[in-house]
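Trainee: No sequence on hand, only this structure:
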């Protein structure tokens with residue numbers, strides 16, 4: 001038994017009384033019967049450590065603590081009356097838990113935050129090995145850790161920081177020096193994707209980890225930016241494992257999203273690949289389709305098919321994140337199904353609308369949530385519950401749901417005539433996305449407020465077909481062929497000139513064909529592909545005139561940006577895309593500001609920290625240095 005190590009296991013939603021209402025008073029370890037608790041308990045016992053349960057109602061309790069009866073209290077709903085941080089801190093002292101050397105916390109964000117709040121005043125090391133993973137993926141990772149025979153060491157070994165204290169010292173230095181001086185001292189750039197959030201302040205996550213490593217390893221000292229990789233799989237996870245909150249960096253302005261790979265992924269490229277690569281491929285495929293948003297042109301929607309929904313401010317795999325996959329069972333009913341979601345304000349005909357309404361009401365603690373859950377579809381239901389529902393409040397809530405859908409959501413569709421094929425592909429796509437570790441929701445995603453745990457954990461607006469069998473090789477071939485045949489622009493112009501971005505929050509980039517360039521834009525050269533010119537173009541000093549141009553056409557002033565893509569090893573390809581349109585007659589000052597915004601946009605250009613030159617984004621190796629410096633100074637071969 002490891003006496004100085006304490007494992008804290010979260011309670012579970014499913015309880016013994018759900019299966020056996022006559023069970024009576026039961027020990028805590030036998031009360032919670034759901035798979036998450038069962039696996040977490042097994043993990044705790046495999047460590048050979050003392051372990052406790054964190055109950056949202058009772059706080060820190062021993063596994064043999066007697067729970068007298070059924071209860072429904074959760075940290076997710078403040079209105080349910082969960083145990084407070086002050087009570088948890090008192091329990092820590094009363095039970096002597098503060099003398100533990102290390103606290104290992106399991107469970108989701110709410111439980112991690114409760115543990116941090118309870119122990120942060122004490123000198124104790126906290127570690128959350130599966131932080132940031134949805135429940136399904138956390139269960140898989142927990143099982144793998146148990147089977148490895150080294151359930152904790154195997155997880156901690158890969159991290160560059162192991163103690164909260166080292167991170168807190170780095171944060172303290174950040175506060176003392178100020179952001180700019182701190183980053184300059186240690187040679188880091190501002191974080192573009194993730195920030196560490198504490199006490200209302202934002203810290204550049206990668207820089208904090210690099211400096212924390214120095215505090216933890218004085219002989220080795222702080223790490224340089226080029227010494228390790230930042231991102232969701234490294235810095236973000238390490239910080240969350242230590243109990244810190246990591247969020248997407250707040251955007252000061254709307255910018256274009258990072259462009260997709262210039263090469264269309266084909267099914268043959270995915271043979272034997274992991275679910276993340278398959279998920280990235282289908283994200284790329286769907287992003288090439290024409291997106292729809294409200295008002296929906298129903299005449300352009302096929303009668304039978306599958307819809308893929310995207311949500312503003314949600315991203316994955318370098319594009320908009322899929323947040324719902326849906327279809328229909330009745331013949332020729334796809335248009336009607338989409339109308340039920342976006343047009344008809346009747347939540348009892350659309351579980352999607354009902355789930356969004358639940359989140360909007362839950363977010364504000366609105367007591368109408370209980371009435372919103374009532375289904376008044378049938379005459380019998382209306383007779384029983386109709387007089388309990390304030391129709392005025394329900395109508396207002398329906399309007400709020402419609403506003404959210406019409407503002408936040410866009411979707412693509414593809415035709416699948418056969419019902420059996422539709423249902424099969426829908427289920428496999430849902431399972432692929434839900435099993436992908438790179439498709440988590442953002443910190444501010446509305447679905448995080450859902451009373452439905454499956455929605456919160458999966459990041460998808462649905463609860464069925466999650467975490468099952470992902471797309472097989474045969475499924476991928478079928479899907480690709482379906483998109484190729486049924487969607488006219490999916491395979492249209494696979495050359496580098498066809499790199500359209502369809503994000504609602506980003507500029508809508510369109511290709512400029514070479515003949516159009518020659519005819520209407522004589523002030524800069526045509527697209528050029530292959531030969532020596534590209535390399536000489538890259539090797540000369542950056543000039544705005546080389547990469548950004550304006551021209552007037554179709555009663556608009558177009559701002560075009562020259563982007564760099566790759567046709568293969570050592571084959572740079574340049575082409576122009578329309579980055580913005582302005583009304584004809586826009587003042588020159590505003591046009592200059594628009595041009596400058598494109599030059600500063602990291603979707604188009606980056607700054608190398610080693611040669612200090614601005615380069616097209618396609619020539620950057622990650623966020624920090626260009627391919628030239630990566631090759632010369634770091635031995636990277638392209």
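Mentor: The structure has been received and is ready for your questions. All values derive from a computational prediction rather than experimental measurement.
Trainee: need the contact list for the nearest residue to residue 226 once chain neighbours are set aside.
Mentor: Spatial nearest neighbour of residue 226, chain neighbours left out: residue 624 (6.3 Å); criterion: Cβ to Cβ, 6 or more residues apart in numbering. From N, CA and C alone the C-beta is placed, and that goes for glycine too. Applying Cβ atoms under 8 Å, 6 or more residues apart in numbering, we find residue 624 in contact with 189, 225, 226, 608, 609.
Trainee: I figured residue 198 hits residue 244, correct?
Mentor: Yes. Using Cβ atoms under 8 Å, residue 198 is in contact with residue 244, at 6.8 Å.
Trainee: can you pull out the strands in the stretch 451-600 of the chain?
Mentor: Assigned strands in the stretch 451-600 of the chain, in chain order: 510-511, 548-553, 556-566, 572-583 (criterion: DSSP state E, counting those that start in this stretch).
Trainee: Then the stretch 201-350 of the chain?
Mentor: 201-204, 245-248, 305-316, 319-326.
Trainee: can you put these in CSV and add mean pLDDT and mean neighbour count?
Mentor: Shown next, in CSV, are those (pLDDT from 0 to 100; neighbours: other Cβ atoms under 10 Å):
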stretch, mean pLDDT, mean neighbour count
strand 201-204, 87, 18
strand 245-248, 76, 17
strand 305-316, 92, 22
strand 319-326, 94, 25
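Trainee: quick revisit: identify whichever of the strands of the stretch 451-600 of the chain lies nearest to residue 141.
Mentor: Comparing the strands of the stretch 451-600 of the chain by their distance to residue 141 (Cβ to Cβ), the top pick is strand 556-566, with 34.5 Å.
Trainee: how big is the angle separating that closest one from strand 572-583?
Mentor: 160 degrees (axes from the mean of the first three to the mean of the last three Cα atoms, to 10 degrees).
Trainee: Name the residues of strand 556-566 that are buried.
Mentor: 557, 558, 559, 560, 561, 562, 563, 564, 565, 566 (16 or more other Cβ atoms under 10 Å).
Trainee: Tell me which of these has the lowest pLDDT.
Mentor: Across the buried residues of strand 556-566, the bottom pLDDT score, 67, is held by residue 566.
Trainee: how does the protein divide into domains?
Mentor: 2-156, 164-248, 267-486, 510-634 (automatic domain parsing).
Trainee: got a list of what residue 462 touches?
Mentor: Here residue 462 is in contact with 324, 325, 326, 352, 430, 454, 455 (Cβ under 8 Å, 6+ apart).
Trainee: Tell me the spacing between it and residue 294.
Mentor: Remark: distance between residue 462 and residue 294 (Cβ to Cβ, to the nearest Å) = 20 Å.
Trainee: cool, and residue 142?
Mentor: 42 Å.
Trainee: Tell me the buried residues in stretch 609-625?
Mentor: 609-610, 614-621, 623-625.
Trainee: Lowest pLDDT pick from those residues?
Mentor: For the buried residues of stretch 609-625, the pLDDT minimum is residue 623, 67.
Trainee: Tell me who's in contact with residue 292.
Mentor: Residue 292 neighbours (Cβ under 8 Å, 6+ apart): 300, 301, 410, 411, 412, 413.
Trainee: switch the cut-off to 6 Å
Mentor: residue 411 (Cβ atoms under 6 Å, 6 or more residues apart in numbering).
Trainee: will you turn the contacts of residue 462 into JSON lines that also has distance to residue 589?
Mentor: Converted to JSON lines, the contacts of residue 462 look like this (distance: Cβ to Cβ, whole Å):
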{"residue": "324", "distance to residue 589": "43"}
{"residue": "325", "distance to residue 589": "46"}
{"residue": "326", "distance to residue 589": "47"}
{"residue": "352", "distance to residue 589": "45"}
{"residue": "430", "distance to residue 589": "49"}
{"residue": "454", "distance to residue 589": "52"}
{"residue": "455", "distance to residue 589": "47"}
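Trainee: which of those residues sit farthest apart?
Mentor: Maximum distance among these (Cβ to Cβ): 15.5 Å, for 326 and 454.
Trainee: Three-state assignment for residue 196, please.
Mentor: Of the three states, residue 196 takes strand under DSSP: H, G, I helix; E, B strand; the rest coil.
Trainee: Can you tell me how far the nearest residue to it once chain neighbours are set aside is from residue 247?
Mentor: Among residues not flanking residue 196 along the chain, residue 203 sits closest, at 4.2 Å (Cβ to Cβ, 6+ apart). Noted for residue 203: a distance of 11 Å to residue 247, by Cβ to Cβ.
Trainee: repeat for residue 377
Mentor: 39 Å.
Trainee: what's the answer for residue 582, then?
Mentor: Counting by Cβ to Cβ, the gap from residue 582 to residue 247 is 33 Å.
Trainee: Check what pLDDT residue 461 gets.
Mentor: 96.
Trainee: If anything else comes up later, I'll come back, but that's it for now.
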